[in-house]
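Participant: Fold the stuff below for me.
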Amino acid sequence: MEELYPVTTRVAIGVICLDLRDDVNDVVALKSLAREHGYELSTVFRFKLNDPLWIFRLIRTVHSTGALAVVTSDIRHLDGTEKAVTGVAVLITSSEVRPYLGYTHPGYRPE
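Facilitator: Predicted coordinates for the structure are as follows:
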């Protein structure tokens, strides 16, 4: 029997700050980290710190792709914008997972 609501892939976006590093191993590590937590990496968002609008472009990318998580190898790649990220998605790093909080309390986002 066919499922009424088929299981969909839980999409994640990787984040790499080019001022810290960027190589093929970073992307491979982000894909692996996303899969460990049940997500599929759809794209990797790269930025430089001298771009003052990068966080707005990241948030727009999260919304336009329907991503439920943002994955980065180290929290330093987010340059202090963790609250903005958890306002729109789950934040996954190699050392911790921060839940989606939304911009209101309690936040709710169907997965």
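
Participant: can you give me the helices for this structure?
Facilitator: 24-36, 54-65, 82-86 (DSSP state H).

Participant: Of these, which stretch is the most buried?
Facilitator: Here the criterion is mean neighbour count by mean count of other Cβ atoms under 10 Å, and of the helices of the chain the winner is helix 82-86, at a mean of 17. From N, CA and C alone the C-beta is placed, and that goes for glycine too.

Participant: and it, what other elements does it pack with?
Facilitator: helix 54-65, strand 97-98 (3 or more Cβ pairs under 8 Å, 6 or more residues apart in numbering; DSSP states H and E).

Participant: possible to save the ones you listed as TSV with distance to residue 87?
Facilitator: Below are the helices and strands packed on helix 82-86 laid out as TSV (distance: least, Cβ to Cβ, whole Å):
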stretch	distance to residue 87
helix 54-65	8
strand 97-98	11
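
Participant: Make JSON lines out of the helices of the chain and add distance to residue 48 and mean pLDDT.
Facilitator: What follows is the helices of the chain, written out as JSON lines (distance: least, Cβ to Cβ, whole Å; pLDDT from 0 to 100):
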{"stretch": "helix 24-36", "distance to residue 48": "15", "mean pLDDT": "92"}
{"stretch": "helix 54-65", "distance to residue 48": "8", "mean pLDDT": "96"}
{"stretch": "helix 82-86", "distance to residue 48": "18", "mean pLDDT": "95"}
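
Participant: quick one: which of these is nearest residue 72?
Facilitator: For residue 72, the closest of the helices of the chain is helix 24-36, at 7.3 Å, according to Cβ to Cβ.

Participant: Show me how far the closest one is from its chain's centre.
Facilitator: On the basis of Cα atoms, centre = their mean, to the nearest Å, helix 24-36 sits 12 Å off its chain's mean C-alpha point.

Participant: mind exporting that helix as PDB, just the C-alpha atoms?
Facilitator: Provided in PDB are the C-alpha atoms of helix 24-36 (Å, rounded to 0.1, in the frame of the first residue of the first chain):
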ATOM      1  CA  VAL A  24      37.100  19.700  -0.300                       C
ATOM      2  CA  ASN A  25      37.500  18.000   3.100                       C
ATOM      3  CA  ASP A  26      35.300  20.700   4.700                       C
ATOM      4  CA  VAL A  27      32.400  19.800   2.400                       C
ATOM      5  CA  VAL A  28      32.900  16.100   2.900                       C
ATOM      6  CA  ALA A  29      32.900  16.600   6.700                       C
ATOM      7  CA  LEU A  30      29.800  18.800   6.500                       C
ATOM      8  CA  LYS A  31      27.900  16.100   4.500                       C
ATOM      9  CA  SER A  32      29.000  13.500   7.100                       C
ATOM     10  CA  LEU A  33      27.900  15.600  10.000                       C
ATOM     11  CA  ALA A  34      24.500  16.300   8.500                       C
ATOM     12  CA  ARG A  35      23.900  12.600   7.800                       C
ATOM     13  CA  GLU A  36      24.900  11.700  11.400                       C
END
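
Participant: That'll do, ta.
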